[in-house]
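> test case, fold it:
(chains A and B)
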Amino acid sequence: MKDRYILLIEDNADDAYLATRIIGKVCSDKVIVARDGEEAGDLLNKLAGDQAHHQITLVLLDLKLPKVSGIEILQSIRANPALRNLPVAILTSSDNDLDQETCRELGVLDYIYKPMTADRLQRVLARDKDA
Amino acid sequence: MAQSPAQEDDKVPIAYDVSGIALLYVEDEPDARNMVSRMLLMNYPKLTLYAAENGVAGLATYREHLPHIVVTDINMPVMDGIRMAREIKSTNPEALIIAVTAHSDTSYLMNAIDIGIHNYVLKPINYDELFRVIDKTLEQLLLKRLVQEQNQHISQSERQLADAQRIAHLGSWQWDLERGTMRWSEELFRICGSEPVPGSAPYQAFLERIHPDDRPVLGKAIREAVEGRRPLGAIFCRVVRPDGSIRVLRVEAEVVLDGAAQPVSVTGTCLDVTELKRAEEKVRSLTEDLERRVVQRTSLLQASLKELDSFSYVVSHDLRAPLARLEGFCRALLEDCGDCGNINCRIYAERAERVVRQIKSIIDAFNDLSHYARCKMVIEDLDLSELARTIIQGFQASEPQREVAVSIADHLPVRGDRSMLQIALEHLLGNAWKFTSKTHRARIELGCSGPEEAPVYFVRDNGAGFNMKYVSKLFKPFQTIHSPGEFTWNGTAIGLATVHSVILRHGGVIWAEGEVDKGATFYFTLEKHPEPGSFVRSV
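Residues are numbered from 1 along each chain as shown, chains lettered A, B, ... in the order given. Just a heads-up that it's a prediction; the model follows:
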């Protein structure tokens, strides 16, 4: 039996708390929070390196991050053969941040406006299953 | 001098027009004087004839009347014809004098030739002979007159040409290619800053007047025109006056060819265009100045736009993130503490969530405002009536229970940006819709008044209206003249500010009239051909 994880890449502690709370309501997957691109990279490599025991069910990615931007993280995920097919959903609080064109090219599953609701997350997860 | 009468016998006498010509006849014998006088008047009826009985009287008459022709006897008492002729000639060397003489006067005649007597007739007088001689003299006189007139014409034309050249600051020149000399018109001298000098000068002297920097160009152009046997188009060059001042000339020339198509001379003009060039220079420098100022103002404007940009970014983004957080916690509170024993927990959380929604709609409206004030405009032909109908249909669909009499004028063609005019009408009609919500028999009207070339559009309602003393606050963002809750809260009080900015960007103006509880009318104009970047022309 693999451990199922949702990777939440979010620099703001309040947003991370709110998202974690909603995830907890919707599914039993474990939540791992990365506060920036570096942490996200480390975690992804670790989890992907042990696919026998771990499975990442969803990456929730905030676009506006310190150091490495959300888009750059997404690009490196897609560039890594082990991670290429990870389902990624974007978390955002404003249209201004969204470069939809780039996101589409990088195979984003969905966009979720903050604050995320349980309904919204459920739909995203359902969509992932359909896909 | 004298011609044989026989030679001229068969010649048809020419009828000279002698009107205005005077003849003095001097003869001491009264019979002869009377007879000849009569014959002269018979032959030349229009002639003015003076008669005198001797040289002294003749001279006096001559001096008084200055007749054109004098016919005089030679041998006379008191003063003979020769002496009188000499006196007359000394007064007027051009005087035409015919002597009437007997053969015995031959010694006098030698004198007469010296004096310059024109012709003679022998005594006793043969009238045919006399008239022939007079005719001949008249012919000379009239020819002389003709030449004089022609000369006068020519000098008048020359004067006119010189005047015209002087007034037009147009000098002219002729370059004789064979001799290598050049003739200048008076005005060309003046343009070059010198006193006119008669005669001609070498072509090189002309080139030397030209500014050294322009000399090779002009010299080459003239040379090429001669070689190519074609006109010299306008060339601008500077001429340096002796005092060092510089004039700008527009030089044009044509090559004159002989029968064998060989160039013989070049005729050219030099127009002094210094003042014109100065004016051009002034216009150019004014334009440059203006452009510089426009650039300066534009950069100022761009700077403040940039500031506004970053401000709206702060508002739209940096505020949204914490706001979303706040909303998230409000929901968490509602969900997790909804069943809390203290009823206030739920009420506070609900209210806090409402406040969050208000702030969000303010941010949206603010973004609209800054967007429509600056976005790129796509200008197309639109019909305001059509736009308005669609908007009103939307309102009616959302509140089907409301009965509002809507009147929209047919076909209101305008040019503008569809989305911008759409949002403006949405706000204007939306206000009318909202502020008639408590009105019995509500009416909303979109119409057009004013002259066809400068139409004034209006949106009128019979709703809550407003007090005209607050009219100045209407179009300012975040200023509302209705209390919250008085009408359905739309969140912002930014709508009319957005309308204002849309109308301004279409080169128009907007103003409003209202009366409390009677209704409001919003008037606006639109520029006929708005530029994508146009702003209002006058406020």
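
> ok, now which ones touch B:His68?
By C-beta atoms under 8 Å, 6 or more residues apart in numbering or on different chains, B:His68 lies in contact with B:Ile21, B:Ala22, B:Leu23, B:Leu96, B:Leu141. Placement of C-beta: from N, CA and C, glycine included.

> quick one: which of those residues has the most company?
B:Leu23 (24 neighbours; other C-beta atoms under 10 Å in any protein chain shown).

> for that residue, phi and psi?
phi -130, psi 130 (degrees, to the nearest 10).

> ok, the closest residue in space to it that isn't next to it in sequence to B:Asn92 distance?
Leaving aside its chain neighbours, B:Leu23 sits nearest to B:Ile69 (4.6 Å; criterion: C-beta to C-beta, 6 or more residues apart in numbering or on different chains). Per C-beta to C-beta, to the nearest Å, B:Ile69 is found 12 Å from B:Asn92.

> of the two, give the one with the bigger neighbour count.
Shown here are B:Ile69 and B:Asn92; by other C-beta under 10 Å, B:Ile69 has more neighbours (22 against 12).

> sorry, back to before: for the residue nearest to B:Leu23, list each beta-bridge partner.
With DSSP bridges as the criterion, B:Ile69 is bridged to B:Leu23, B:Leu96.

> and it, what is it in contact with?
B:Ile21, B:Ala22, B:Leu23, B:Leu24, B:Leu96, B:Ile97, B:Ile98, B:Ile134, B:Thr137, B:Leu138, B:Leu141.

> go through those residues and name the one nearest chain A.
Closest to chain A out of these is B:Leu141 (106.0 Å), distances taken as C-beta to the nearest C-beta.

> which helix or which strand is home to that closest one?
B:Leu141 belongs to helix B:127-168 when assigned by DSSP states H and E.

> and the stretch 201-350 of chain B, which residues reach chain A?
Taking C-beta under 8 Å from any C-beta of the partner chain as the criterion, the stretch 201-350 of chain B approaches chain A at residues B:313, B:316-317, B:320-321, B:323-325, B:327-329, B:331-332.

> in helices, which of the residues you listed fall?
If you go by DSSP state H, those have B:Tyr313, B:Arg320, B:Ala321, B:Leu323, B:Ala324, B:Arg325, B:Glu327, B:Gly328, B:Phe329, B:Arg331, B:Ala332 in helices.

> ok and the following helix or strand past the helix holding B:Leu141 relative to helix B:127-168, angle-wise?
Counting by DSSP H and E, the next helix or strand C-terminal to helix B:127-168 is strand B:170-176. If you take axes from the mean of the first three to the mean of the last three C-alpha atoms, to 10 degrees, strand B:170-176 sits at 120 degrees to helix B:127-168.

> quick check: phi and psi at the residue of the stretch 51-200 of chain B at minimum distance from chain A.
Closest to chain A within the stretch 51-200 of chain B is B:His169: 66.4 Å, counting by C-beta to the nearest C-beta. Main-chain dihedrals, B:His169, degrees, to the nearest 10: phi 50, psi 40.

> what sits closest to it if chain neighbours are left out?
Per C-beta to C-beta, 6+ apart, closest to B:His169 is B:Asp272, 3.7 Å.

> now name the helix or strand holding B:Arg354.
Here B:Arg354 is assigned to helix B:343-374, by DSSP H and E.

> if we can go back for a sec, pull up the overlap in contacts between B:Ile69 and B:Asn92.
Joint contacts of B:Ile69 and B:Asn92 (C-beta under 8 Å, 6+ apart) do not exist.

> remind me which residues of the chain are low pLDDT?
No chain was given, so I picked chain A. Low-confidence segments of chain A, defined by pLDDT under 70: A:96-98, A:129-131.

> please go with chain B instead
For chain B (pLDDT under 70), the answer is B:1-16, B:103-109, B:478-493, B:533-539.
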